[in-house]
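Asks: my questions are about this predicted structure, shown below with the sequence.
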Amino acid sequence: MISDLFPFSAINLQDIRGNHPSWLSYVAFPFLSYFVWRFWSFTIRPTLRPQELDYLPYWVPFVGHAVSFFNNSNALYARGCSYFGNSMKPFILYVAGEKLAVISNPKHVHQIYKDTSSFSFDPFIDTLYSGVANVSSEGRTALWRSPKDGFKSLYPNPKQKVLVHTCSDLVHKQLLQPARLHDLIGTVLYEIERYTRWNSFFPSTILSSEGDARVVSAYRWCRDVLVDCQTQAFFGQYLRDIEPNFTTLMDAWDDNAWMMTYQYPPFLAKAAIEPRDKLIKALKQYFDTPVDERPTRSTVPLINEVEAEKKQGGLSTEDIARTLLMVLWGINANAPMLAFWMLGNLLKQPEVIDDIRKEIAFAMESIDELKDITGPTLAEMSKSQLIDKCPLLNSAFNEMTRVVSTGSTILEVKQPAVIDNKVLAKGTKVLMPQRLAHMSKSSFGDNADEIDFYRFLKDKSLERSEDYRPFGGGVTLCSGRVVGRHETLAFIAFILWRYDIQLVNEGAEVLGVKGKPFPRLDHGKPSLGISKQVEGDDIILKIAERKLR
Ligand code: HEM
């Protein structure tokens, strides 16, 4: 019966004598139902005691399912917002049968970040380890054991933390404790300084060369230098010796990892599984070699400490390799992409590059004059000059993070919590996307959708805006935000200082390499923060050494 399919529609309207109503009722009934629903949902219900959050009319779950076809939080969010006119009200979507509360109002986001007893990131760490890294079930049990289950940390553990959390404390110690952070910055910058020299380019960066000119892929330049230098800083040369293609494998994994997060069957996810398994093999070989027998070691203690803590917690070297790949993926994902977008967009505004070159001249000339370049000197120079005395460079960094951040914080409700007078039920997943907040005209002005590299220079308070959160917040606030800024700024400063760089635009050809259209942000895949470009997009550059004197 057609009326069974449409139980609430006008088709069901028959009076008790079986007479069909007039045509007017067919038109009036849906309208009437709509207004009753609106009156109930938006006028009466909000005045009652907090209800479970559910703002959407009955047809939205169907749309939600259809939209989930795109499998993309940004697309979902954009559609949700177009429905609500971006009302800043939380709303629920159903994605693959799961409830997802989308939160955009900065006040609600702030409230959720602070409420660590109601919202947890742990279910996602677990999903990452099980569904993406494929950690063994014994390994997963070990990762979530607390002292009362028999876990004994190598460090004092008064809060009775589980192994996952004692390891993330070690990450925070490395990335936030001033002395350790200074060492790390020095180690990474030492590598970046070296690998941005003309004679030290990674071969994979160069597409063509002749005489004094080279044509390079901007994407590979940023990736090769920043991923390699950071991995090198954490693991030392030995990992590079085991797997010389570590950077390209990491890139292939990063490009295709979404196949794992969307739980594609293995035969469809080969492009992700193959690089992942090669990386795990290399990491396993690294951890299978006793620390004292590794020919070269890392200069920062983080990896050795996490390795020892995980061994102590009962993890096999294979599971240590699997979990550390996830850490390495997270810490390498954002700085190279940020450098890529920053370089490409700066090249479209050469007058900004001129201003930046003037600003960095003192720091760069001082480094050029050094007889012996060391990590600590570079860390000091970066702090006192690039960070403290180059406001335009920093404004450009902030503006770029504002415009190209497409990540979302995703948490799970541990215990019912009230947001905007609505109850979020236990188990609901909460999604807080960055991009819409970053495009807010009320916070960033009418030209919020344009790139203005001077924006954060003109208004210093923007960096503290509630709508500006390129590093997430709460328990997942990026602990690499300081080192990330140092390494991105140093990379950009070195290459702008050392090279004349020209965009090879679409339609042009230099040294046999064709230019490409400017890359597009990839809204179709999940993002760990800074957006990737649509696969295959790139910025082709012609470079030559600058004549400085
Ligand atoms: C410079 C560009 C960077 C940006 C824009 C960035 C952005 C982010 C964002 C948005 C998150 C939070 C994700 C969420 O809420 O779920 C995050 C988390 C994290 N990031 Fe970054 N990140 C950057 C660089 C780095 C670097 C260089 C490192 C390490 C060397 C790093 C280490 C981490 C870690 C460990 C987390 C997990 C949260 C924590 O426990 O600290 N990030 N990052």
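Replies: All right, it came through fine.
Asks: where does the helix or strand containing Thr127 sit relative to the chain's centre, distance-wise?
Replies: Here Thr127 sits within helix 122-127, counting by DSSP states H and E. Put simply, helix 122-127 sits 16 Å off its chain's centre (Cα atoms, centre = their mean, to the nearest Å).
Asks: residue ranges of the strands in the stretch 101-250 of the chain, please?
Replies: Applying DSSP state E, counting those that start in this stretch to the stretch 101-250 of the chain gives strands spanning 119-120, 206-210, 213-217.
Asks: and the second one, what other elements does it pack with?
Replies: Put plainly, it is strand 206-210. Strand 206-210 is packed against strand 213-217, with contacts defined by 3 or more Cβ pairs under 8 Å, 6 or more residues apart in numbering; DSSP states H and E. C-betas here are computed from N, CA, C, even on glycine.
Asks: got CSV for the strands of the stretch 101-250 of the chain, with mean neighbour count too?
Replies: What follows is the strands of the stretch 101-250 of the chain, written out as CSV (neighbours: other Cβ atoms under 10 Å):
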stretch, mean neighbour count
strand 119-120, 19
strand 206-210, 14
strand 213-217, 21
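Asks: nearest to the ligand, of the ones you listed?
Replies: strand 119-120 (11.5 Å; Cβ to the nearest ligand atom).
Asks: could you say what helices and strands that closest one packs with?
Replies: Applying 3+ Cβ pairs under 8 Å, 6+ apart, we find strand 119-120 packed against strand 408-413.
Asks: which helix or strand lies directly C-terminal to the strand it packs on?
Replies: Next along the chain from strand 408-413, counting by DSSP H and E, comes strand 417-419.
Asks: which strands border that following strand, and is each parallel or antiparallel?
Replies: strand 422-424 (antiparallel) (DSSP bridges).
Asks: helix or strand right after the partner strand?
Replies: Remark: after strand 422-424, the chain's next helix or strand is strand 429-433, criterion DSSP H and E.
Asks: following the chain onward from that next one, which element is next?
Replies: Sequence order places helix 435-438 as the next helix or strand after strand 429-433, per DSSP H and E.
Asks: helices or strands next to that next one in the packing?
Replies: Against helix 435-438 (3+ Cβ pairs under 8 Å, 6+ apart) you get helix 73-84.
Asks: low-confidence ranges, this structure, go.
Replies: 1-27, 29-30, 37-88, 94-97, 549 (pLDDT under 70).
Asks: taking it, what residue is nearest to the ligand?
Replies: Gly480 (2.0 Å).
Asks: quick one, what contacts the residue lying closest to that residue once chain neighbours are set aside?
Replies: Residue nearest to Gly480 in three dimensions, not counting chain neighbours: Leu175, with 5.3 Å by Cβ to Cβ, 6 or more residues apart in numbering. The contact partners of Leu175, by Cβ atoms under 8 Å, 6 or more residues apart in numbering, come to 181, 184, 479-480, 482-483.
Asks: was I right to think Trp258 contacts Asp522?
Replies: No - using Cβ atoms under 8 Å, Trp258 is not in contact with Asp522; the gap is 9.8 Å.
Asks: before we move on, the earlier item: got a winner among the contacts of Leu175 for most neighbours?
Replies: Using other Cβ atoms under 10 Å as the neighbour test, the contacts of Leu175 are led by Leu184, with 27 neighbours.
Asks: what distance do you get for the closest residue to that one other than its chain neighbours to Val306?
Replies: Nearest residue to Leu184, sequence neighbours excluded (Cβ to Cβ, 6+ apart): Val300, at 5.1 Å. From Val300 over to Val306 the distance is 11 Å, taken as Cβ to Cβ, to the nearest Å.
Asks: same check, this time on Ile192
Replies: For Ile192 relative to Val306 (Cβ to Cβ), the value is 24 Å.
Asks: out of the two, which sits in the more crowded spot?
Replies: It is Ile192, of Ile192 and Val306, that has more neighbours when counted by other Cβ under 10 Å, with 25 against 21.
Asks: count the neighbours of the closest residue to Asp228 other than its chain neighbours for me.
Replies: Of all residues not flanking Asp228 in the chain, Thr247 sits nearest, at 5.0 Å (Cβ to Cβ, 6+ apart). Using other Cβ under 10 Å, Thr247 has 24 other residues around it.
Asks: and for Gln415?
Replies: So Gln415, with other Cβ under 10 Å, has 12 neighbours.
Asks: and it, what does it touch?
Replies: For Gln415, the contacting residues are 117-118, 426, by Cβ under 8 Å, 6+ apart.
Asks: of these, select the buried ones using a ChimeraX command.
Replies: ChimeraX command restricting those to the buried ones, with burial defined by 16 or more other Cβ atoms under 10 Å:
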select :118
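Asks: hmm, the residue nearest to Leu184 is touching Val171, no?
Replies: No - using Cβ under 8 Å as the test, Val300 is too far from Val171 to be in contact (11.3 Å).
Asks: which of these two has more neighbours?
Replies: Val300 (22 against 17).
Asks: measure the closest residue to Ile367 other than its chain neighbours to Ala490 for me?
Replies: Among residues not flanking Ile367 along the chain, Met381 sits closest, at 6.3 Å (Cβ to Cβ, 6+ apart). Distance, Met381 to Ala490, using Cβ to Cβ: 9 Å.
Asks: who has more neighbours, these two?
Replies: A side-by-side neighbour count of Met381 and Ala490, using other Cβ under 10 Å, places Ala490 first with 28 against 21.
Asks: OK, contacts around that one?
Replies: Ala490 touches 189, 192-193, 378, 382, 386, counting by Cβ under 8 Å, 6+ apart.
Asks: mind running it again at 7 Å?
Replies: The contact partners of Ala490, taken as Cβ atoms under 7 Å, 6 or more residues apart in numbering, are 189, 192, 382, 386.
Asks: quick check: chain neighbours aside, which residue is closest to Thr401?
Replies: Nearest residue to Thr401 in three dimensions, chain neighbours excluded: Pro470, at 3.6 Å (Cβ to Cβ, 6+ apart).
Asks: wait, isn't the one you found in contact with Val403?
Replies: No - if you go by Cβ atoms under 7 Å, Pro470 and Val403 don't touch, sitting 9.7 Å apart.
Asks: distance from stretch 276-292 to the middle of the chain?
Replies: Stretch 276-292 has its C-alpha centroid displaced from the chain centroid by 25 Å (Cα atoms, centre = their mean).
Asks: for Glu450, grab the count of nearby residues.
Replies: Number of residues near Glu450 (other Cβ under 10 Å) recorded here: 11.
Asks: torsion angles phi and psi at it?
Replies: Backbone torsions for Glu450, taken as degrees, to the nearest 10, come to phi -110, psi 160.
Asks: ditto for the one 3 residues further on
Replies: Phi and psi for Phe453, reported as degrees, to the nearest 10, are phi -60, psi -20.
Asks: wait, it sits on Glu399?
Replies: Yes - distance between Phe453 and Glu399: 5.4 Å, which falls inside the contact criterion (Cβ under 7 Å).
Asks: from Ser531, how far off is Ile320?
Replies: Ile320 sits 31 Å away from Ser531, going by Cβ to Cβ.
Asks: check for me that Ile92 belongs to a strand.
Replies: Yes - assessed by DSSP: H, G, I helix; E, B strand; the rest coil, Ile92 belongs to a strand.
Asks: just put the contacts of Ala490 in JSON lines and tack on distance to Asp355.
Replies: Output for the contacts of Ala490, formatted as JSON lines (distance: Cβ to Cβ, whole Å):
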{"residue": "Leu189", "distance to Asp355": "23"}
{"residue": "Ile192", "distance to Asp355": "22"}
{"residue": "Ser382", "distance to Asp355": "19"}
{"residue": "Leu386", "distance to Asp355": "15"}
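Asks: let's have the residues you listed in CSV, adding distance to the ligand.
Replies: As requested, these are exported to CSV (distance: Cβ to the nearest ligand atom, whole Å):
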residue, distance to the ligand
Leu189, 12
Ile192, 12
Ser382, 14
Leu386, 14
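Asks: just the buried ones from those?
Replies: Buried, going by 16+ other Cβ under 10 Å: 189, 192, 382, 386, out of these.
Asks: which two of those residues have the greatest separation?
Replies: Greatest spacing in the buried ones among the contacts of Ala490, by Cβ to Cβ: Ile192 and Leu386 (11.7 Å).
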